[in-house]
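Peer 1: sequence isn't available, so here's the structure alone:
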């Protein structure tokens with residue numbers, strides 16, 4: 001991974017009105033005639049920090065001008081809530097303004113995928129991403145307690161795969177305790193943002209129902225007494241993202 005730099009142009013712009021001009025600097029003529037998933041997060045209930053419909057419309061209009069057939073795209077999530085089921089997520093997307101009338105294209109939510117092997121691990125890439133040759137990433141950037149920063153890699157690495165793969169990534173980064181190396185110093189319990197780790201009477205315990213596999217405890221342990229069940233979450237996210245975008249033409253639009 002990372003053996004070749006494929007990002008040969010980066011364009012910065014400050015105003016939404018400059019988006020069409022900025023896209024003109026990219027060679028997206030190859031998108032002509034292609035069905036293009038525009039991968040984005042269409043928001044949680046009560047959260048306003050996601051790419052807004054006006055921005056999505058500008059991307060859709062720009063792709064249409066190039067002769068592409070775009071549609072807005074995301075996947076269902078593993079945790080309970082409005083985005084857990086396709087039907088409910090579609091209702092939420094409409095509630096947030098992602099309608100054909102407002103953005104000029106349809107919305108598709110996937111919950112099934114195709115196994116794709118990266119570095120010996122299988123990731124189920126969402127059906128519509130797997131079958132597409134051209135993708136557009138419309139990504140919002142935010143601080144994230146588990147990945148440090150959530151951006152384009154997380155947009156695909158977690159958002160482009162099935163629920164089963166999402167769970168696989170979270171479980172794979174959970175802590176495994178090495179009892180022989182542990183000094184029971186308690187640092188891991190102090191830094192755990194979810195209060196999943198407890199140390200009582202010289203005994204170490206992690207509550208699996210509270211642990212999100214963020215890996216903070218692994219990094220904090222100076223005695224190497226904790227390791228990931230499989231691998232670091234950031235690494236697993238990167239592998240998952242690679243499974244989604246490898247051998248595809250991708251244009252990334254990332255912002256706050």
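Peer 2: On my side now, so go ahead. Everything quoted here is computed from the prediction, not taken from an experiment. Numbering: from 1, shown residues only.

Peer 1: next one: the residue of the chain most remote from its centre from residue 234, what distance?
Peer 2: Note on the chain: the largest C-alpha distance from the chain mean falls to residue 201, namely 39.5 Å (C-alpha atoms, centre = their mean). For residue 201, the distance to residue 234 (C-beta to C-beta, to the nearest Å) stands at 34 Å. C-beta: built from backbone N, CA, C; applies to glycine.

Peer 1: contact partners for the closest residue to residue 249 other than its chain neighbours?
Peer 2: Nearest residue to residue 249 in three dimensions, chain neighbours excluded: residue 134, at 4.6 Å (C-beta to C-beta, 6 or more residues apart in numbering). When contacts are counted by C-beta atoms under 8 Å, 6 or more residues apart in numbering, residue 134 touches 30, 31, 34, 36, 68, 248, 249, 250.

Peer 1: I'd guess residue 124 is in a helix, am I close?
Peer 2: No - Residue 124 is assigned strand when assessed by DSSP: H, G, I helix; E, B strand; the rest coil, not a helix.

Peer 1: what number of residues lie near it?
Peer 2: 23 (other C-beta atoms under 10 Å).

Peer 1: beta-bridge partners for the nearest residue to it once chain neighbours are set aside, please?
Peer 2: Nearest residue to residue 124 in three dimensions, chain neighbours excluded: residue 113, at 3.5 Å (C-beta to C-beta, 6+ apart). Beta-bridge partners for residue 113, by DSSP bridges, are residue 126.

Peer 1: for residue 113, give its distance to residue 134.
Peer 2: 18 Å.

Peer 1: can I get the buried part of the contacts of residue 134 as one PyMOL selection?
Peer 2: Buried residues among the contacts of residue 134 (16 or more other C-beta atoms under 10 Å), as a PyMOL selection:
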select buried, resi 31+34+36+68+249+250
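
Peer 1: for the contacts of residue 134, which one is nearest residue 188?
Peer 2: Set against residue 188, the nearest of those by C-beta to C-beta is residue 250 (37.9 Å).

Peer 1: and the one helix or strand that closest one maps to, what does it pack against?
Peer 2: Assigned by DSSP states H and E, residue 250 belongs to strand 249-255. Using 3 or more C-beta pairs under 8 Å, 6 or more residues apart in numbering; DSSP states H and E as the contact test, the elements touching strand 249-255 are helix 19-23, strand 134-140.

Peer 1: redo that, cut-off 6 Å
Peer 2: strand 134-140 (3 or more C-beta pairs under 6 Å, 6 or more residues apart in numbering; DSSP states H and E).

Peer 1: tell me the mean pLDDT for the helix or strand where residue 60 lies?
Peer 2: Using DSSP H and E, residue 60 falls within helix 53-65. If you average the pLDDT over helix 53-65, you get 92.

Peer 1: now do stretch 150-165
Peer 2: On average, stretch 150-165 scores 93.

Peer 1: again with stretch 179-189
Peer 2: Here the average pLDDT along stretch 179-189 is 95.

Peer 1: outside of it, which residues touch it?
Peer 2: Stretch 179-189 is contacted from outside by 197, 199, 202, 204, 217, 220, 221, 223, 224, 225, using C-beta atoms under 6 Å, 6 or more residues apart in numbering.

Peer 1: redo those residues as TSV? Include distance to residue 123 and secondary structure.
Peer 2: Putting those into TSV (distance: C-beta to C-beta, whole Å; DSSP: H, G, I helix; E, B strand; the rest coil) gives the following:
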residue	distance to residue 123	secondary structure
197	28	strand
199	35	strand
202	40	coil
204	31	strand
217	25	helix
220	28	helix
221	28	coil
223	32	coil
224	28	coil
225	30	coil
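
Peer 1: of those, select the buried ones using a PyMOL command.
Peer 2: The buried residues among the contacts of stretch 179-189 can be selected in PyMOL (16+ other C-beta under 10 Å) with this line:
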select buried, resi 197+199+204+217+221+225
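
Peer 1: report the lowest-confidence entry in the contacts of stretch 179-189.
Peer 2: Within the set of those, pLDDT is lowest for residue 202 (87).
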